[in-house]
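Enquirer: This is a predicted model, with the sequence first.
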Amino acid sequence: MKIKASILGQIALMICGDFPDSVFPYRSSSYLTQFFKDIDLDYTHDGSTRRWWVQNVLEIQNNLPEISPNLPSLGIKNIIENLLNPIYFIPKQSTTQFNQNKAINKINELLKTQNLAIVKNIKNNSVSLFSLDNTDLPFKNQDYHKSDIYIINPLVFKKPDKEIDNLLASVMMPFNKEFDDVYTAIKSVCNDLSLDCKRADDIWKNPTIIQDIFELIYCSRIVIIDCSKRNSNVFYEAGIAHTLGKIVIPITQNKEDIPFDLQHHRYLYYMNNGEGLRKMENDLKKAIQSMLDN
């Protein structure tokens, strides 16, 4: 993959520290030379305009053989990763504190058009350039380009060794018989949309149920949460789903059961009777279809 010339130009500004509202440190001639030497690229700034000199270096590296069809050359990969080296973002007394997370966001906004993204390891703040087509991504998520990208290292759960299933919808609701008809209605909607629908009690793969729940949420594209009865487990599971970047659709039999932290989200109100469930099916189908289309 070759990086577009327009993107190389913006990266050149970032390396120079001339990017608008820059969160990148300024580099003079000698520091530009050192920047490339740090990744074993033997370029010495010749005194010409810094931006154009850096862009010329990037173009030379961009024309070298690619790592793979989905990744640029090794030189470009190393340059981008070095630009976000955590050592450049260590606060120093009497100097501007540059923000690595904001810098990652700036880079990812550029790279998303070529289906590339920077992944940050939160343990040591190191970064890696990945193709979003790469099935070996440490955390596969459809919305990578919309926010900071992190490798997740859960302490309470074991991260499943599975891919996200774009046709899987999971349902988080109280394990109570009075919700059986609600679950049946939701499954009917998913079936009409060619989605697989599961609830935690449909599976038994791990010694603890919470690991089954985490795995189900992790592998799902859509998570439907029933806030009725203000069940604390459901709220906990909603938090997991939001953190993992899932499409979350809240439903409830009582508007007062929507907690304060979720009240700014759109939700579906329904009545747990024949007519109410039929209406819920229709509303839910429209909501899911709309989100899938987007």
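Expert: Happy to help now that I have it. Numbering: from 1, shown residues only.
Enquirer: N62 contacts L74, doesn't it?
Expert: No - judged on Cβ atoms under 8 Å, N62 makes no contact with L74 at a distance of 11.3 Å. Quick note: C-beta positions are derived from backbone N, CA and C, even for glycine.
Enquirer: Who has more neighbours out of those two?
Expert: For N62 versus L74, the count of surrounding residues by other Cβ atoms under 10 Å is larger for N62: 21 against 14.
Enquirer: tell me the contacts of the residue lying closest to F214 once chain neighbours are set aside?
Expert: Distances taken as Cβ to Cβ, 6 or more residues apart in numbering place F157 nearest to F214, at 4.3 Å, with adjacent residues excluded. For F157, the contact set (Cβ atoms under 8 Å, 6 or more residues apart in numbering) comprises I210, Q211, F214.
Enquirer: which residues of the stretch 1-150 of the chain fall in helices?
Expert: Read by DSSP state H, counting those that start in this stretch, the stretch 1-150 of the chain holds these helices, from start to end of the chain: 5-16, 29-37, 50-62, 74-83, 100-111.
Enquirer: Tell me the buried residues in the longest one?
Expert: Burial within helix 50-62, assessed by neighbour count using 16 or more other Cβ atoms under 10 Å, is assigned to R50, W53, V54, Q55, V57, L58, E59, Q61, N62.
Enquirer: Who wins on neighbours among the contacts of F157?
Expert: F214 (22 neighbours).
Enquirer: picking up where we left off before, could you dump the buried residues of helix 50-62 to TSV with distance to L195 and pLDDT?
Expert: Below are the buried residues of helix 50-62 laid out as TSV (distance: Cβ to Cβ, whole Å; pLDDT from 0 to 100):
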residue	distance to L195	pLDDT
R50	53	95
W53	53	97
V54	48	97
Q55	47	96
V57	49	97
L58	44	97
E59	46	97
Q61	44	97
N62	41	96
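Enquirer: would you turn the helices of the stretch 1-150 of the chain into CSV with distance to H264?
Expert: Output for the helices of the stretch 1-150 of the chain, formatted as CSV (distance: least, Cβ to Cβ, whole Å):
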stretch, distance to H264
helix 5-16, 34
helix 29-37, 43
helix 50-62, 42
helix 74-83, 36
helix 100-111, 23
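Enquirer: can you tell me which of the ones you listed the model trusts least?
Expert: Across the helices of the stretch 1-150 of the chain, helix 100-111 has the smallest mean pLDDT, namely a mean of 88.
Enquirer: Good, wrapping up.
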